[in-house]
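Student: Curious how this folds, go ahead:
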Amino acid sequence: MMKQSALLFFCLCLSLTLATTACSPVAEPAVAAEPPAEVGTAVEVTPVKTGSIALVFDYAGALQAQSDVTLAPRVSGQIEAVLVEAGQPVKAGQPVAILDRDVPAAQLKQAEAALSLARLKLDKMNEGARPEEVEAAQSAYQISQGALQDVQNIDDNERTTAAAALANAQAALKLAQFEYDKIAWAGQVGETPQALALERATNAYEQALSAYQLQTNPSEAQLAPLQAQLTKAKLDLALAKQPFRPVDFAMARAGIQQAEAAVELAQLQLDYTTLRAPFDGIVGEVYIHQGSMVDTKSAVALFISNQVEVAINVEESRLGQVAKGQHASLRVSAYPGVEFPGLVTSVAPLADQKTHTFVVKVTPADPKNLLRSGMYADVSLLVDEKPQTMLVPRSAVITVDSQPVVYRVNAGQVEQVKVTTGLSNDTEIEIISGLKAGDSIVVTGQSSLQDGAKVKIVPGL
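Tutor: Coordinates of the predicted model:
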């Protein structure tokens, strides 16, 4: 009974189900829903380009004259004429004032006369002694030589005469002695004729003996004067034949050189009476007037060079990038829109003790002399330049883990690329390695990117 009831209930339910199905419209089969599409990060991109980039340092400073000189005279004197006035342009060497020239001119004439005299002296020395002077000296020498020979050489006649005179004097002395001996015993015979005769005979004998000795054997006292006279005559003859030695000629030539130097000095003193401009420039001030007395310490005029320069203070951190000869440009408010090219002309070897900066001087090219000392100038130093190198905007490069990187876009995805950078300016930076020209890189929106992220390119983001 229970089995029949359950079967009846199943059939009833099945009938109801079939009836309901038959009365309802036929439903379409169900389809599974697709997941929503992934939305990429909005970014702005630009291609890597090739171009030139320069590293420029900007400074400011006041223009100043490259040279300024206060002129002072080299000689003392009275100003005869002033030839320039303040503000007047001058050329190097142009006369600006003249001093009295009378004294220097007289000193020059005196020096020239001394030079002429020194040259004439040398000419006279080169001519040597005159023939008559040599002949006179030769004659004097021969006379002195003959006199000495006459005394030194005694011939037989002179010797015989002297011997005979000596013999006669000796015989007379013997006779006088014999007569004197006859009365010598009587005493007090000193005043007798025999004594006087003996004395005269003795003196005559001594004189005859002396004369004989002189004539047959001359003494040194007799020969010395004659020998001295002969020596002097010989020297006079040698001097007449060759009056000057090589050292005399050397001294004469040195005298000429000294006289020439004196002429040059006197000429300089005369030239110094004309005061001249030290360089091309402008007369800043004039401190003298006609009639002024000046000396070597007196200021005559101030000169300012046409060429100007500007001194800028470069930081120690940048000094290694600045060098003499680098190009620069200057701008002044007096000439808006005009750039004056220039060069770095000097870099100070020592830093300022207070600011720790180094003075760098820049000289502009100014052929029209437009720039003036005291003008305020903006200076740009071109310290480095790279032509035809890869460039990207500065905003494209960010730092990740202390490494510069960029995000390169390819097929809707980004790739984080490590790069090596070089020069940079306010807008661009050089890429040395890591990219190639034409690569598309993110310039805006990369702050939230990661390597491999999907991106949506939005121009002008």
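Student: and the longest helix for the protein?
Tutor: helix 156-183 (DSSP state H).
Student: buried residues in it?
Tutor: 162, 165, 166, 169, 172, 173, 176, 179, 180 (16 or more other C-beta atoms under 10 Å). (Each C-beta comes from the backbone N, C-alpha and C, glycine too.)
Student: Just give the closest residue to residue 377, not the sequence neighbours.
Tutor: In space, not counting the residues next to it along the chain, residue 377 is nearest to residue 330; the distance is 4.7 Å by C-beta to C-beta, 6 or more residues apart in numbering.
Student: Give the other helices and strands that the stretch of helix or strand the one you found belongs to contacts.
Tutor: Counting by DSSP states H and E, the element that carries residue 330 is strand 327-332. With contacts taken as 3 or more C-beta pairs under 8 Å, 6 or more residues apart in numbering; DSSP states H and E, strand 327-332 sits against strand 340-347, strand 357-364, strand 376-393.
Student: All the strands of the stretch 351-461 of the chain, in order from the start?
Tutor: 357-364, 376-393, 398-400, 403-410, 413-418, 420-424, 428-433, 440-444, 455-457 (DSSP state E, counting those that start in this stretch).
Student: wait, residue 226 sits on residue 144?
Tutor: Yes - judged on C-beta atoms under 8 Å, residue 226 makes contact with residue 144 at a distance of 7.2 Å.
Student: So which other helices or strands are in contact with the helix or strand hosting residue 212?
Tutor: For residue 212, the element it lies in under DSSP H and E is helix 193-216. Judged by 3+ C-beta pairs under 8 Å, 6+ apart, helix 193-216 is in contact with helix 156-183.
Student: For the nearest residue to residue 76 once chain neighbours are set aside, the count of nearby residues, please.
Tutor: Closest residue in space to residue 76, ignoring its immediate chain neighbours: residue 295 at 4.2 Å, by C-beta to C-beta, 6+ apart. Here the number of neighbours of residue 295 (other C-beta atoms under 10 Å) works out to 10.
Student: Bridged to the residue nearest to residue 377, which residues?
Tutor: residue 340, residue 379 (DSSP bridges).
Student: returning to what we had before: tell me which of the helices and strands packed on strand 327-332 is the most buried.
Tutor: With neighbours defined by mean count of other C-beta atoms under 10 Å, none of those is more surrounded on average than strand 357-364, at a mean of 20.
Student: Where does the prediction get shaky in the stretch 101-250 of the chain?
Tutor: 150-159, 186-190, 213-223 (pLDDT under 70).
Student: run the last query once more with 50
Tutor: Nowhere does the stretch 101-250 of the chain drop to pLDDT under 50.
Student: returning to that earlier point: so what pLDDT did the residue nearest to residue 76 get?
Tutor: The model reports residue 295 with a pLDDT of 95.
Student: Could you report the separation of it from residue 288?
Tutor: In this view, residue 295 and residue 288 are 12 Å apart by C-beta to C-beta, to the nearest Å.
Student: same question, residue 76
Tutor: 13 Å.
Student: what sits in contact with each of the two?
Tutor: Taking C-beta atoms under 8 Å, 6 or more residues apart in numbering as the criterion, residue 76 and residue 288 both touch residue 294.
Student: who's more crowded, the two?
Tutor: Remark: of residue 76 and residue 288, residue 288 carries more neighbours, 19 against 15, as counted by other C-beta under 10 Å.
Student: Next, the more buried one: secondary structure please.
Tutor: What DSSP: H, G, I helix; E, B strand; the rest coil gives for residue 288 is coil.
Student: cool, and the one 3 residues further on?
Tutor: With three-state DSSP as the basis, the three-state label of residue 291 is coil.
Student: how near is it to residue 161?
Tutor: For residue 291, the distance to residue 161 - C-beta to C-beta - is 96 Å.
Student: Can you pull up the most central residue in the chain?
Tutor: Residue closest to the average C-alpha location in the chain (C-alpha atoms, centre = their mean): residue 346, at 16.1 Å.
Student: Next, the contact list for that residue, please.
Tutor: Here residue 346 is in contact with 324, 360, 361 (C-beta under 8 Å, 6+ apart).
Student: Let's have the residues you listed in a markdown table, adding distance to residue 336 and pLDDT.
Tutor: As requested, these are exported to a markdown table (distance: C-beta to C-beta, whole Å; pLDDT from 0 to 100):
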| residue | distance to residue 336 | pLDDT |
| --- | --- | --- |
| 324 | 30 | 95 |
| 360 | 25 | 96 |
| 361 | 25 | 96 |
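Student: what's the closest of these to residue 57?
Tutor: residue 360 (9.6 Å; C-beta to C-beta).
Student: Does that closest one touch residue 344 like I think?
Tutor: Yes - Residue 360 sits in contact with residue 344 when judged by C-beta under 8 Å, with a separation of 6.1 Å.
Student: which residues do these two both contact?
Tutor: 322, 381.
Student: Please compute how far stretch 366-376 lies from its chain's middle.
Tutor: Relative to the chain's own centre, stretch 366-376 is displaced by 28 Å; criterion: C-alpha atoms, centre = their mean, to the nearest Å.
Student: buried stuff in it?
Tutor: Judged by neighbour count using 16+ other C-beta under 10 Å, the buried positions of stretch 366-376 are 366, 371, 373, 375.
Student: Could you count how many residues lie near residue 104?
Tutor: Under the criterion other C-beta under 10 Å, the count of neighbours that residue 104 has is 19.
Student: meant to ask about residue 311, not that
Tutor: 16.
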